[in-house]
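K.L.:
Predicted coordinates and the sequence they were generated for:
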Amino acid sequence: MTRPAAFLDRDGVINLDRGYVHRWEDFEFVPGAVDAMRRLEAAGYALVVVTNQSGVARGLYGERELELLGEQLRAHLADAGVHLAAIEYCPHLPQASVAAYAVACDCRKPAPGMILRAARALQLDLARSVLFGDKQSDIEAARRAGVGRSFLLATDGVADPTGERPDHLALADAVDALLGGTARPHGSAANAAPAFDGLSSRE
Ligand SMILES: [Mg+2]
Ligand SMILES: [Zn+2]
């Protein structure tokens, strides 16, 4: 157990949560998310996506589509110089319509199974790891797994006055706080991070 990880919820944290996103055409990054992932990786965190995907159990899409989307995400990030150490997903949901997935599993957050699975496979140091999520179930999964620190974000990085008060709005803001970077407005010309060209339309 050596390397710390940054566990990242997907929908609402990495990409806009449009509801059961399962095609690359519908996958739009939360502003600043790719750069925030790059900064986490540069700081020594293995990047691990942990995502509940009950759309599989609901019959909305299959694991193949989910895995294809994962490959597209990996490829896009690789082009941006960002490496995902793992993508863990939970396709289950008790009482859902697809019988094979209608089980009470140990991986659907708030259960810690996805985090623990990645920790075993990648030899991660959970106590030094961090998690970023936009739901209390994300935070609870981190707590149960023994992840040292977690950040509750606003879904899609957008404040919701009726919702729970997040620790930070977007992943980029939380990463600023974690790494001690100077707070800066998105897209600021004073951006102190390394230059990042060519992907802004998709990020
Ligand atoms: Mg989410
Ligand atoms: Zn599961």
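P.N.:
In hand now; what should we look at? The structure displayed is predicted, hence computed values, not measured ones. Residues are numbered from 1 along each chain as shown. Ligands and ions are numbered 1, 2, ... in the order given.

K.L.:
separation between the residue lying farthest from the centre of the chain and D160?
P.N.:
In the chain, A99 marks the outermost C-alpha relative to the chain mean, sitting 27.2 Å out by CA atoms, centre = their mean. As defined by CB to CB, to the nearest Å, A99 lies at a distance of 35 Å from D160. For glycine as for every other residue, the C-beta is placed from the backbone atoms N, C-alpha and C.

K.L.:
Likewise for D125?
P.N.:
From D125 to D160 the distance is 33 Å (CB to CB).

K.L.:
wait, does the longest helix that the chain contains make contact with ligand 2?
P.N.:
Longest helix in the chain by number of residues (criterion: DSSP state H): helix 63-79. No - applying CB under 5 Å from the ion, one finds helix 63-79 separated from ligand 2 by no less than 11.7 Å.

K.L.:
Counting neighbours, show which residues of that helix come out buried.
P.N.:
L66, L69, G70, L73, H76, L77 (16 or more other CB atoms under 10 Å).

K.L.:
quick one: terminal-to-terminal distance for stretch 16-33?
P.N.:
10 Å (CA to CA, to the nearest Å).

K.L.:
Give me the contact status of that stretch with ligand 1.
P.N.:
No - using CB under 5 Å from the ion, stretch 16-33 stays clear of ligand 1, with a minimum separation of 5.9 Å.

K.L.:
for that stretch, which positions count as buried?
P.N.:
L16, D17, V21, H22, F27, F29, V30, P31, G32, A33.

K.L.:
Run a quick neighbour tally on the residue of the chain found nearest ligand 1.
P.N.:
Ranked by CB to the ion, the top residue of the chain for proximity to ligand 1 is G12, at 3.7 Å. For G12, the neighbour count with other CB atoms under 10 Å is 21.

K.L.:
Surely it is in contact with V158?
P.N.:
No - with contact defined as CB atoms under 8 Å, G12 does not count as touching V158 (9.5 Å).

K.L.:
Next, please give the residue ranges for the helices of this protein.
P.N.:
Under DSSP H, the chain gives helices at 33-42, 63-79, 113-122, 136-145, 171-179.

K.L.:
Extract the C-alpha trace of the fourth one and format it as PDB.
P.N.:
Translated: helix 136-145. Output of helix 136-145 as PDB, limited to C-alpha atoms (Å, rounded to 0.1, in the frame of the first residue of the first chain):
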ATOM      1  CA  GLN A 136     -23.600  12.100   0.600                       C
ATOM      2  CA  SER A 137     -23.500   8.500  -0.600                       C
ATOM      3  CA  ASP A 138     -20.100   9.300  -2.200                       C
ATOM      4  CA  ILE A 139     -18.800  10.800   1.100                       C
ATOM      5  CA  GLU A 140     -20.200   7.900   3.100                       C
ATOM      6  CA  ALA A 141     -18.500   5.300   0.800                       C
ATOM      7  CA  ALA A 142     -15.200   7.100   1.400                       C
ATOM      8  CA  ARG A 143     -15.700   7.100   5.100                       C
ATOM      9  CA  ARG A 144     -16.600   3.400   5.200                       C
ATOM     10  CA  ALA A 145     -13.500   2.500   3.100                       C
END
